[in-house]
Structures are given as C-alpha cells and as structure tokens.
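**Student:** Build me a model:
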Amino acid sequence: MALSVLAVSFVSGCATNGSPSGDEGQMPLADSEAAFGYEQTEWGKPFWERWMDEARAQGRASVVGQNPTAGAPAQVGGGSAAMPVAMRPDLDGLRPKLGVYIAADQRDSLSAYRLMNTLDRYAAANGLTLVKPNELDESVGGSDACGAATPMGCPELLGIFPGIRALLVLDINSTSGGVAQVRARMVDTDFGIEYDAVSTELALRAKTLGDGSDVTVWSDHVLGTAADRISIAPWFAHSFALNGEDMYINAGRSSGLEADSTLAVHGEGSVVRSPAGRIIAWEPGPEEGRIRIKQFVGQNVAVAEQVSGRMPTPKDRLTLVE
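**Tutor:** Coordinates of the predicted model:
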C-alpha cells in the first residue's frame, strides 16, 4: 500500500526561534486580567508557572490511578491554579511524544543505555511517550524535505513525523569512575522554542542506578520539565500522508487515542507571550474541519477519514474533540 506523502516544503530543515516576528499568528500581549481570563494576575509568580505542579500531578495520576491532589505542593498565593488545557482531567490520558536524540558515536555506550532505560521507565509517569534515537534517525533518513544529516537539523520535520512535540538532545561525556557529564538541551518542534542547555554530572555505575540515584532523579526532573514546557499548548497531532481519501495521523494508541475519536482541524492559531517575549500559550485557530479515527497502524500511527470541513494539511494542528 503506497503512501502519497503530502508536501512538507514549509519545513526549512533548520531549527527556528520562537521570536515575536516569527510565522506563527500572534495574539497581542495581554496586559490585563481580563485578557488572560483570570480575575487577578499574580506577576510575583506568573500563572503559566503556577500551572506546573498541578499539571504534573494530573499526569502522574493518570498513570498510577491516585488522587491527583494527594501530595501535591501547596498552591502559591491561595486559590486553585489554572491547569493548561493539555493536562485537564478530561484530556490527561493523551500523551505527547518526546524525542530523545543521542549522537551515533555515543548511543551505544553503557552510559547511554542506562540513561535511555531510565528515561523510558519514567516517561509514562510524566505523561509522555518516548521516541528513541534510532527511530528519529529512521524518520529523517532519505527524506528530501530536510537537508540536514541528523535529526537535530530537522526539528519541524520531526514534529510532522514521527510527531514529537519536543526534541531532547543529550551529549554524554563519560569520565573515570563511572561518572558522566550529561549536557541536555530541548527544542519545541512546533513553536521553534530553543531552551538553554543544562549540564549535569551523573554517577552511572550499575550499583548507583536504584531509586533515588543520580540518574533516576535527573530523569524524572528532565521529563517533568519537558512535560511542563510542552503544556503551553493543548495536545495536538498532525497528518503526514494520504491513502486514497483517508489520511495518516502521527499519533496512535501509545499517545492515548481511541478508535472513533474525533479530531478538529485548526490552522496556525495564535500565541500568547509573556512580558519578556517568551511564548507561554497557544490558542487554537478556528475549527476548519473534522476527521475521525478509523483504525490504528501499530502503536504510533492512526488512519483517519474526513467528517466535515476541509482536509487537513501537515501544517494544521489536530486537537481532540470531547
């Protein structure tokens, strides 16, 4: 069954920065409580930061089945914090994909194996689906939509297929005594946000890999940070290929989708920025069509049919209709 891949020429092959002059539709900077939809703005701790604790608690609760408020940190400033749409209780079963990339000359080391195994073990508890380095290489290899030699040069393409919401790049430099210096940096593949790199020294010997070890604490922190950053937008997917009148979607069972789920088709929408210019939220554009999940192809891809409106293009964002 041949795939007719839709044009993705909008992907330039280079990482972009989420700047105020970017291609994203931009909502004017909200400078009032009403504009943000809150009765009172607390600039001492911005609302997008107050989202985080409760959002992570909801993500963990969806995995372990516990009360999401049990053991959650107290709210700052009183009252209940607003949750990002992506982590609301009715949608917290949807798991965005996080791509993890380690250079080919580093990924076959014991240090890399131990890091990847731990990240894989903790991904679900942070509401994420992990896409590993070899899968990222296979997704970019042979593509004429990106001229870069590695996935690091094609973040937007990876956002279309395999559909990662963010790319975590790890640089591992092992030292003596089973200790490694790990440099981690993250890119938001859809909104072009490049986050500062952080270096951490980790003990990666076999006897130092249990609960509470360097690598488990680091993994949980990195994954939690990734989930927080991804939560600037509700969960969404993209179409990436056609099969007759149907289309392939870059999300499947592993992302929490179910058969017969309906997805709304949105254009670029608008971004909201903090006073410092940082992208802090995405507001979906008007609904321009709907599609329905017909079946799954493996765990990470779905086949969908058009229900109403126009057919989606790869650049459109597809959100779940409740």
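**Student:** Check which residues of stretch 96-104 are buried.
**Tutor:** By neighbour count on 16 or more other C-beta atoms under 10 Å, the buried set for stretch 96-104 is Pro96, Lys97, Leu98, Gly99, Val100, Tyr101, Ile102. All C-beta atoms are positioned from the backbone trio N, CA, C, and that covers glycine.
**Student:** So which of the residues you listed is the closest to Trp282?
**Tutor:** When the buried residues of stretch 96-104 are ranked by distance to Trp282 (C-beta to C-beta), Pro96 comes first, at 12.9 Å.
**Student:** could you dump the buried residues of stretch 96-104 to CSV with pLDDT?
**Tutor:** Output for the buried residues of stretch 96-104, formatted as CSV (pLDDT from 0 to 100):
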residue, pLDDT
Pro96, 96
Lys97, 97
Leu98, 98
Gly99, 97
Val100, 97
Tyr101, 96
Ile102, 96
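**Student:** Which of the residues you listed fall in strands?
**Tutor:** Lys97, Leu98, Gly99, Val100, Tyr101, Ile102 (DSSP state E).
**Student:** wait, isn't the second one in contact with Leu168?
**Tutor:** Yes. Under the criterion of C-beta atoms under 8 Å, Leu98 makes contact with Leu168 at 6.1 Å.
**Student:** Spit out the residues that contact these two alike.
**Tutor:** By C-beta atoms under 8 Å, 6 or more residues apart in numbering, Leu98 and Leu168 have these common neighbours: Ala226.
**Student:** What separation is there between Trp235 and Arg185?
**Tutor:** 23 Å (C-beta to C-beta, to the nearest Å).
**Student:** between the two, which one's more packed in?
**Tutor:** The neighbour comparison of Trp235 against Arg185 (other C-beta atoms under 10 Å) goes to Trp235, with 26 against 16.
**Student:** tell me the secondary structure for that one?
**Tutor:** Classification of Trp235 by DSSP: H, G, I helix; E, B strand; the rest coil places it in coil.
**Student:** so where's the stretch 151-300 of the chain uncertain?
**Tutor:** For the stretch 151-300 of the chain, applying pLDDT under 70 flags the ranges 206-210.
**Student:** Helices along that one, start to end?
**Tutor:** Ranges of helices in the stretch 151-300 of the chain, per DSSP state H, counting those that start in this stretch, are 155-160, 214-230.
**Student:** buried residues in the longest one?
**Tutor:** In this case it means helix 214-230. Counting neighbours by 16+ other C-beta under 10 Å, helix 214-230 gives 214-216, 218-220, 222-230 as buried.
**Student:** Return the closest of those with respect to Gly192.
**Tutor:** Ranked by distance to Gly192 (C-beta to C-beta), the buried residues of helix 214-230 are led by Arg229 at 12.8 Å.
**Student:** now that closest one: how far from Ala281?
**Tutor:** Distance from Arg229 to Ala281, counting by C-beta to C-beta: 12 Å.
**Student:** now Leu223
**Tutor:** 21 Å.
**Student:** which regions of the stretch 1-150 of the chain sit below the pLDDT cut-off?
**Tutor:** 1-92, 142-144.
**Student:** from memory Ala145 sits against Leu157, does it?
**Tutor:** Yes. Ala145 lies in contact with Leu157 (C-beta under 8 Å); the separation is 5.5 Å.
**Student:** what about Asp108, how many neighbours?
**Tutor:** 9.
**Student:** The one 3 residues further on now?
**Tutor:** The burial count assigned to Ser111 is 24, neighbours taken as other C-beta under 10 Å.
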